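>>> next input, structure requested:
(2 chains)
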Amino acid sequence: MSSSVRELLDVPLVELSEALEKKRISSAEVTAAALDRIERTDGSLGAFLKVTPERALAQAAAADQRAARGERLGRLDGVPIAIKDIFVTKGIETTAGSRILAGFVPPYDATVVERLDGAGAVMLGKLNMDEFAMGSSNENSAFRMCHNPWDLARTPGGSSGGSAAAVAARQVFGALGTDTGGSIREPASFCGVVGIKPTYGRVSRYGVIAFASSLDQVGPLARTVGDAAALLQAIAGRDERDMTSSARPVDDYGASLEAGTRGLTIGVPREWLEAGIEAGVASRMREALAAYERMGARIVEVSLPHTRYGIAAYYIIAPAEASSNLARYDGVRYGLRQRGCPGLAEMYGETRREGFGAEPKRRIMLGTYALSAGYYDAYYLRAQKVRTLLRRDFDRAFEHCDVLAGPVSPTVAFRLGEKVSDPLTMYLADVFTVTCNLAALPGLSVPCGLDPDGMPVGLQLIGRPFDEGTLFRVARALEREQGPLPGPGGIAP
Amino acid sequence: MQLSLDEVRRIAVLARLQLSPDEERVFQGQLSSILDYVDELSELDVSGVEPMTHALAVEELPGLRDDRVRPSLPPEAALANAPERQGTCFKVPRIIE
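Numbering: from 1, shown residues only, chains lettered A, B, ... in the order given. Got it, this is the predicted structure:
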């Protein structure tokens, strides 16, 4: 393979797309290079649960034929990507990182898979994740450990850890993840890539294995803001198979991408700065805000007074909805069944004992308790009321600013094994990300530099409902000002 | 708040989860500390606050689609992942003696 092909794995998605358009390279070449890189690096990285080379090469050949006829389907045509193993894929095993779904071969495609297919994207495989998207470190994957490409001893974040690691390690040009309480933004921040959780309802959840249905949302992870915008453009919009998908027209994200931040007001929630942020994260944060000021934005302090209740509300609502969603794994229609049980109740109990890992069990137990007779008002109903208060906080803040800025996580990527024995400590790290899901707002993580140990730090931007365009615009301004991060040093170049 | 082992067992029955004695003890401790933590919501006065029962404003949603007959999953595809089947049915352990 020529060195120019290897270098091509380093360029952003939109630049690769131009090269494909101008036939400077074929999709077959770049797909083969990406598959080769996965082959060489994924043994130590662990980003993939399944690689699908035959399918990828066939899709690449089809993309090249379209390009030869001058019939490219758009910017994603022929571009190698991969998706979190939470999206059902017709004919390709889909596990959501759980033993209870090992061997499950879905009979249909998720809407977002259909849309990427329809846009000509080349799918390289299914990416590692925390079991049923429950986790912030990818350590809850039932199948294999996933590592951070900046430092293999550290977590890539979770639950979309495989998505962030694969993008950062130049195995793919973009990936899809899901975000229920930070599962796109936190791994994006830990791995130094861009990730966006769109407004609830912006992207169809049809065919997305459900965790907490009122919080789950699909979004892209990519190496640049423009790449993430191109991917979201392809998957966003109404789908009549998901009744919570919005009919609102999708903005043209490219139109305002380079508009800069002059004249915009950026709000910094006072409560976010009070909450024990690591020094290396706090100083990158201050520098990013100073950069925005230099670029003509106005920085104002705002208040989200109920922030400190976010984690408590989240860890009632998400497990409650999960306990209901995961009731479907009963050993009857698909997935694991424990054999030799005397009756139906024993079969259910044994199948679920064998199939679920510790985290889904913990959340099923917590959610079942919160929804059980006598406790519903004290837990779930009260948490739903707190959710209203959190949304009102954001609505009031957006009377004074166009976008909110702050940390994604109080720390950079922590070490594998460091928090695994203490679930509550792990949950508390979600303090800056969960409120965005509870309020159904769009949130984005953009790299804003490295900490003193050389680990990436992410800046979180939160916008008004359906204002993803402003998030991309504000993130792009910082990206342009700072230039690209160096490549991650933890794996072979 | 401290959950008793009996409460842990009662929840496990409701959740159709067969737990080992070890798991019961671990969950007893972990669930108790998580419930302690989430109890901070009881500090808040939520009287008169409506619960957020939908993540999206009603006007965002186009409503229900037309109710018309359209193709759905063929039986063979729907049964393809069945752990056990008989004809076009999912087979389960006997329920009625």
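>>> show me the shaky parts of chain A.
Residue ranges of chain A with pLDDT under 70: A:1-6, A:275.
>>> distance of the most centrally placed residue in it from residue B:2?
Centroid-nearest residue in chain A: residue A:184, 2.3 Å away (criterion: CA atoms, centre = their mean). Counting by CB to CB, to the nearest Å, the gap between residue A:184 and residue B:2 amounts to 36 Å. C-beta coordinates here come from the backbone N, C-alpha and C atoms, glycine included.
>>> how about the contacts made by the residue nearest the centre of chain B?
Nearest residue to the geometric centre of chain B (CA atoms, centre = their mean): residue B:15, 7.8 Å. Residue B:15 makes contact with A:323, A:352, A:364-365, A:368 under the criterion CB atoms under 8 Å, 6 or more residues apart in numbering or on different chains.
>>> and if we set it to 6 Å?
A:364-365, A:368 (CB atoms under 6 Å, 6 or more residues apart in numbering or on different chains).
>>> one more: residue A:469?
Going by CB under 6 Å, 6+ apart, residue A:469 touches A:251, A:253, A:256.
>>> can I assume it sits in a strand?
No - assigned with DSSP: H, G, I helix; E, B strand; the rest coil, residue A:469 falls outside any strand and is helix.
>>> now it: closest residue in space that isn't a chain neighbour?
Once flanking residues are discounted, residue A:469 sits nearest to residue A:251: 4.5 Å by CB to CB, 6 or more residues apart in numbering or on different chains.
>>> now residue B:82: closest residue in space that isn't a chain neighbour?
Leaving aside its chain neighbours, residue B:82 sits nearest to residue B:90 (5.2 Å; criterion: CB to CB, 6+ apart).
>>> residue B:83 is in contact with the one you found, correct?
No - using CB atoms under 6 Å, residue B:90 is not in contact with residue B:83; the gap is 8.3 Å.
>>> is stretch A:127-145 up against chain B anywhere?
No - Stretch A:127-145 stays clear of chain B (CB under 6 Å from any CB of the partner chain), getting no nearer than 13.4 Å.
>>> now do the buried residues in that stretch.
For stretch A:127-145, the neighbour count (16 or more other CB atoms under 10 Å in any protein chain shown) marks A:127-143, A:145 as buried.
>>> quick check on the contacts of residue B:15: which are buried?
A:364-365, A:368.
>>> which residues are contacting stretch A:308-328?
With CB under 6 Å, 6+ apart as the contact definition, stretch A:308-328 has outside contacts at A:181, A:210-213, A:363-364, A:366-368, A:370-371, A:379-380, A:383, A:386-387, A:427, A:431, A:434-435, B:38, B:40-41.
>>> restricted to helices, list these.
Cross-referencing the contacts of stretch A:308-328 against helices under DSSP state H gives A:363-364, A:366-368, A:370-371, A:383, A:386-387, A:427, A:434-435, B:38.
>>> can I get those in TSV with distance to residue A:270?
Output for those, formatted as TSV (distance: CB to CB, whole Å):
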residue	distance to residue A:270
A:363	31
A:364	37
A:366	31
A:367	32
A:368	37
A:370	31
A:371	35
A:383	24
A:386	19
A:387	21
A:427	23
A:434	18
A:435	14
B:38	24
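>>> next, the contact list for the closest residue to the residue nearest to the centre of chain B other than its chain neighbours, please.
Nearest residue to residue B:15 in three dimensions, chain neighbours excluded: residue A:368, at 4.2 Å (CB to CB, 6+ apart). Residues in contact with residue A:368 (CB under 6 Å, 6+ apart) are A:323, B:11, B:14-15.
>>> who wins for most neighbours among those residues?
The most crowded member of the contacts of residue A:368, judged by other CB atoms under 10 Å in any protein chain shown, is residue A:323 (25 neighbours).
>>> next, give phi and psi for that one.
Torsion angles at residue A:323 (phi, psi; degrees, to the nearest 10) stand at phi -60, psi -30.
>>> now residue A:121
Dihedral pair for residue A:121: phi -60, psi 150, per degrees, to the nearest 10.
>>> so it touches residue A:80, yeah?
No - assessed by CB under 6 Å, residue A:121 is found out of contact with residue A:80, at 7.9 Å.
>>> overlap in contacts of those two?
Contact with both residue A:121 and residue A:80 is made by no residue, according to CB under 6 Å, 6+ apart.
>>> what segments of the chain are strands?
You didn't say which chain, so I picked chain A. A:48-51, A:80-84, A:122-127, A:174-179, A:194-197, A:217-222, A:265-269, A:298-302, A:403-407, A:443-450, A:456-463 (DSSP state E).
>>> hmm, no, I was thinking of chain B.
Secondary structure of chain B (DSSP E): strands at B:85-86, B:89-90.
>>> the ones you listed: which one's closest to residue A:112?
strand B:89-90 (28.5 Å; CB to CB).
>>> note down every partner strand of the closest one and its orientation.
Strand B:89-90 pairs in its sheet with strand B:85-86 (antiparallel), by DSSP bridges.
>>> what average pLDDT does the strand it pairs with get?
Mean pLDDT, strand B:85-86: 96.
>>> how close does the residue nearest to residue B:15 sit to residue A:76?
Counting by CB to CB, the gap from residue A:368 to residue A:76 is 42 Å.
>>> biggest helix in chain A by residues?
If you go by DSSP H, chain A has its longest helix at helix A:27-45.
>>> packing partners of that one?
Based on contacts counted as 3 or more CB pairs under 6 Å, 6 or more residues apart in numbering or on different chains; DSSP states H and E, the elements that helix A:27-45 packs against are helix A:3-8, helix A:53-68.
>>> now with 8 Å, please.
Judged by 3 or more CB pairs under 8 Å, 6 or more residues apart in numbering or on different chains; DSSP states H and E, helix A:27-45 is in contact with helix A:3-8, helix A:13-21, strand A:48-51, helix A:53-68, strand A:80-84, strand A:122-127, helix A:161-168.
>>> residue numbers of the stretch 201-350 of chain A in contact with chain B?
Along the stretch 201-350 of chain A, the residues adjacent to chain B under the rule CB under 8 Å from any CB of the partner chain are A:201, A:214-215, A:238, A:240, A:243-244, A:246-248, A:306, A:308-309, A:311-313, A:315-316, A:323, A:327, A:330-337, A:341-350.
>>> out of those residues, which are buried?
Buried by 16+ other CB under 10 Å: A:201, A:214-215, A:238, A:244, A:246, A:248, A:306, A:309, A:311-313, A:315-316, A:323, A:330-337, A:341, A:344, A:347-350, out of those.
>>> chain A versus residue B:17, what's the distance?
Remark: distance between residue B:17 and chain A (CB to the nearest CB, to the nearest Å) = 5 Å.
>>> which residue sits closest to that residue, ignoring its sequence neighbours?
Using CB to CB, 6+ apart and skipping residues adjacent in sequence, the residue nearest residue B:17 is residue A:352, 5.1 Å away.
>>> pLDDT below threshold where in chain B?
By pLDDT under 70, chain B contains no weakly predicted segment.
>>> now with 80?
Across chain B, the ranges flagged by pLDDT under 80 are B:1, B:57-64, B:97.
>>> where along it do the helices fall?
For chain B, applying DSSP H gives helices covering B:5-14, B:21-38, B:75-79.
>>> ok, now which ones touch the residue nearest to the centre of chain A?
A:160, A:163, A:177-178, A:195-197, A:219, A:221, A:445.
>>> thinking again about what came up before, format the CA atom coordinates belonging to the longest helix of chain A as CSV.
What follows is helix A:27-45, C-alpha atoms only, in CSV (Å, rounded to 0.1, in the frame of the first residue of the first chain):
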residue,chain,number,x,y,z
SER,A,27,-13.4,3.9,-2.2
ALA,A,28,-12.0,0.4,-2.7
GLU,A,29,-8.5,1.7,-1.9
VAL,A,30,-9.4,3.7,1.2
THR,A,31,-11.7,0.9,2.4
ALA,A,32,-8.9,-1.6,2.1
ALA,A,33,-6.6,0.8,3.9
ALA,A,34,-9.0,1.2,6.8
LEU,A,35,-9.7,-2.5,7.0
ASP,A,36,-5.9,-3.1,7.1
ARG,A,37,-5.5,-0.5,9.9
ILE,A,38,-8.3,-2.2,11.9
GLU,A,39,-6.5,-5.5,11.4
ARG,A,40,-3.2,-4.1,12.7
THR,A,41,-4.5,-2.0,15.6
ASP,A,42,-7.7,-3.4,16.9
GLY,A,43,-6.1,-6.3,18.8
SER,A,44,-4.7,-3.7,21.3
LEU,A,45,-7.5,-1.1,20.9
